[in-house]
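[1] Predicted model and sequence follow; I will ask about them next.
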Amino acid sequence: MTRLLPALLALVCITTIYAQHNNFDGSNNIADRNSQAPPQCIPSNLDGTCDNPKVSSMEFYRARTTDGDLLTTNQGVKIADNQNSLHAGERGPTLLEDFIFREKITHFDHERIPERAVHARGAAAHGYFQVYQSLANITKANFLQDPSKITPVFVRFSTVGGARGSADTVRDVRGFATKFYTEEGNFDLVGNNMPIFFIQDAIKFPDFVHSVKPEPHNEMPQASSAHDNLYDFVTQQTETTHMMMWLMSDRAIPRSYSTMEGFGIHTFRLINAQGRSRFVKFHWKPKLGVHSLVWDENQKLAGKNSDFHRQQMWESIEAGNYLEWELGLQIVEEGDELKYGFDILDPTKLIPEELVPVQIVGRMVLNRNPDNYFAETEQVAFLVSNIVPGIDFSNDPLMQGRLFSYLDTQLLRLGGPNFHELPINRPICPFKTNNQRDGIHRQTVNVGKTNYDINTINKGLPRQATPAQGGFTSYTEHISANKIRGRSSSFSDHFSQATLFWNSMSPVEKSHIVSAFSFELSKVALIFRQRMLQQLQRVDGTLAQQVADNLGLQLGPRPAAPTGPPPQITVSPSLSQMNTKKDSIVSRQVAILAADGIDGQAIADLKAAIQAAGGSAKVIAPRMGTLRVSAGQPVEVDGILVANPSILFDAVFIPGGADGVKRLQENGDAVHYALEAYIHFKPIAAAAEGVQFLSHIGLISKSRTAALPEGLFTADTVTDEFKQTFVQAVAQHRFFNRERTAKIPA
């Protein structure tokens, strides 16, 4: 009975105590946000990891080993020999009657399922969502009513184009899919880390995905957009222009999952208890700000640690540095649908935050890693069509296609219509009281004679729910139109928001976009370079000219300016990552370079300061083991230089100790380490003799009379002021005004 108890949680709605409701008033609710407790972790009494109603409901399905467990077949027969097949004699053939071998090898042969056509490579975590105040004024969705309610979530991050075995750090859109296990059923917010998409109509989705995937004749390149097929497609579909700007920006190479924004992409509807509808865009705002890698670093990571993002998330959660975002809403009244000069149903358009501010309404915390990658991360099924009362769809033509496609793909990938019975996909409220029966891998044993509706034999059970009982009712929208194949003229502007994005970037971000286009177009045929340059001319002349110069090409005549009304805004500061938060080093990692003879006390002091601020520090040296020190306690090495390159870290510190610094200066890997961190614009600090190391490799003046390059910090000793300055520098993430980076061979 004790083992059945957790499973019963999956058959009842989780009850909570309702707090006093406050109506959503359109404010940012800063007071309510600041009054929230730190991220929660309710330890499970089974394994000590963070628990919630969804996590506990899965306990019935977990298999834990205990002392005394014996090997059995899947039919329960105990296995006496799992090392040898059954043979006809010691050197004879294997016998077909060996049912133990046949069961084992057959199961192995069928362990893989079809990988996702897109978003194949991903990583996920459990957590919870909590609203800051009641949103009853704008939605009747139960999980958005009560600040004391904890709603379990499961979130999967992914790349879009690459195969399951590709690298985390490729240039790509990132999937950001959230499954809310609410008391009214599952709500899946299936979004990306970019607020728009490449195409306007779902009928073009197969064409786009085919074009960005490896070319079919040779299956190359893997997880890369830099090839002929994609640029052939996008240069003939100018609606892709805005999204191509995002793809070539730093948003496509995020530093970590915890420093990505998330977006629902589409315009949804929120419906309140009175039946009033408002349009809404969903946003996830990372508590750590939005930060990215740099392209050289990104490429090296793909080769040296292809699991960089998933490893970082896993280790952060295990260390108690939980990942956190705030949920934001852009609310548009129905009467304002057409007031902004673009169509809010167009998925290639965003609503600038300067026109419709993002209202922060809640937070999400990821605090538990999955128990099993395949059973949870691989088998989780996200469906755009999974909504709950109080949330509804709009007529966005891309969304309308996704409503069908996501269900259809799960039927193939997970083997049939019963994928909702897999533990990770099960809601936490009653979900099988219907007449849907049978099918492959059916787990539910339905009892009784009737399997249809309406019946009298079983008293008409189960009955339809009334709206008062929580029954879902679609928004009543009046539509009077002809049946046509076509697009609204309001979807015809393909360039103004691409220009808005470009104008909103800082000079550094613009240079990265130019470099990205130059890199990609250098790998495609001349005709596609020329066509893409024509497209970029319609975005911005300077952008097109700089890319053309890098490609050694001449621009043609500038296309005529658009004839439509001018946009309401020409710059949106919220689009630039330079305006993001830079106030925390939580999850940041600092490499401390060391060798025998190093200053152990300086290492201990700086390490303590980094850890106190929420970061982590590792001692990286030419060898493993314990280092001899010039002061303080002997130092244990966390990793060797060649296995822990600078690209895995956010900052570098070189302590003093004459002998140790001399050994580092004579070590080519250590010299390269610091130079590489420098050209990646990372903060670098040195104390005492460690300063000589920086002058030895040419990063600072030997006379020390010249001003230090931006983001470099030196001191005679590791004082409190020095530690504080370095911690603040790590929070800044990058120092892009650094000079001479292009001249350093690293």
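    Thanks, I have the structure now.

[2] Can you give me the buried ones in stretch 419-430?
    Applying a neighbour-count criterion of 16 or more other C-beta atoms under 10 Å, the buried positions in stretch 419-430 are F419, H420, L422, P423, I424, N425, R426, P427, I428, C429. For the C-beta atoms, the positions are set from N, CA and C on the backbone; glycine is no exception.

[3] Please read the previous query as pertaining to stretch 642-661.
    With the criterion 16+ other C-beta under 10 Å, stretch 642-661 contains buried residues 644-657, 660-661.

[4] Go through those and flag which are in helices.
    G660, V661 (DSSP state H).

[5] Which one of the buried residues of stretch 642-661 is nearest to S574?
    The shortest separation between S574 and any of those is 24.3 Å, and it belongs to D650 (by C-beta to C-beta).

[6] got a list of what the closest one touches?
    D650 makes contacts with I585, R588, Q589, V590, G615, K682, P683, V730, H733, as judged by C-beta atoms under 8 Å, 6 or more residues apart in numbering.

[7] which residues does the second one contact?
    Contact criterion C-beta under 8 Å, 6+ apart gives I610, G614, G615, S616, D650, A651, V730, A731 as the residues in contact with R588.

[8] hey, what's the spatially most central residue of the chain bridged with?
    Note on the chain: the residue nearest the mean C-alpha position is F157, at 3.8 Å, using C-alpha atoms, centre = their mean. In this structure, F157 bridges to A123, F176 when assessed by DSSP bridges.

[9] Which positions in whichever helix or strand A498 is part of come out as buried?
    Using DSSP states H and E, A498 sits within helix 496-504. Within helix 496-504, the residues that count as buried by 16+ other C-beta under 10 Å are S496, Q497, A498, T499, L500, F501, W502, N503, S504.

[10] Go through these and name the one nearest R278.
    Using C-beta to C-beta, Q497 is the member of the buried residues of helix 496-504 that sits closest to R278, with 22.6 Å.

[11] Just give the nearest non-adjacent residue to that closest one, would you?
    If you skip the residues right next to it in sequence, Q497 has H242 as its closest partner in space, 4.9 Å away by C-beta to C-beta, 6 or more residues apart in numbering.

[12] how would you label the nearest residue in space to S385 that is not next to it in sequence: helix, strand or coil?
    Spatial nearest neighbour of S385, excluding adjacent residues (C-beta to C-beta, 6+ apart): L403 at 4.7 Å. For L403, the secondary structure call by DSSP: H, G, I helix; E, B strand; the rest coil comes out as helix.

[13] ok, how many other residues are close to L403?
    With neighbours defined by other C-beta atoms under 10 Å, the count for L403 comes to 15.

[14] just S587 next, same as before
    Under the neighbour criterion other C-beta under 10 Å, S587 is assigned a count of 24.

[15] Need phi/psi at it.
    phi 80, psi 0 (degrees, to the nearest 10).

[16] how much space between it and S256?
    Using C-beta to C-beta, to the nearest Å, one obtains 7 Å as the distance from S587 to S256.

[17] which residues are common contacts for these two?
    Q312.

[18] residue contacts, G390?
    In this structure, G390 makes contact with T139, K140, A141, N142, L144, L270, I271, N272, judged by C-beta under 8 Å, 6+ apart.

[19] so the last one touches N137, yeah?
    If I follow you right, that is N272. Yes: under the contact definition of C-beta atoms under 8 Å, N272 touches N137, with a separation of 6.4 Å.

[20] helix/strand/coil for P152?
    P152 falls in the strand class when you classify it by three-state DSSP.

[21] how deep is the residue lying closest to I79 once chain neighbours are set aside tucked in, by neighbour count?
    The spatially closest residue to I79, leaving aside those adjacent along the chain, is L71, at 4.2 Å (C-beta to C-beta, 6+ apart). A count of neighbours around L71, defined by other C-beta under 10 Å, yields 11.

[22] re the thing from before, with the contacts of G390 in mind, which one is nearest to Q443?
    N142 (26.7 Å).

[23] Tell me how many other residues surround G162.
    The local packing of G162 (other C-beta under 10 Å) involves 24 other residues.

[24] rewinding a little: ok, the residue nearest to S385 - contacts?
    Remark: with contacts taken as C-beta under 8 Å, 6+ apart, L403 is in contact with V384, S385, F393.

[25] ditto for N418
    Taking C-beta under 8 Å, 6+ apart as the definition of contact, the neighbours of N418 are G439, I440, H441, R442, Q443.

[26] hang on, the earlier thing: can you tell me how far the residue nearest to I79 sits from D98?
    As it turns out, when the distance is counted by C-beta to C-beta, L71 lies 15 Å from D98.

[27] Just the ones in helices from the contacts of N418, please.
    Residues of the contacts of N418 located in helices (DSSP H): none.
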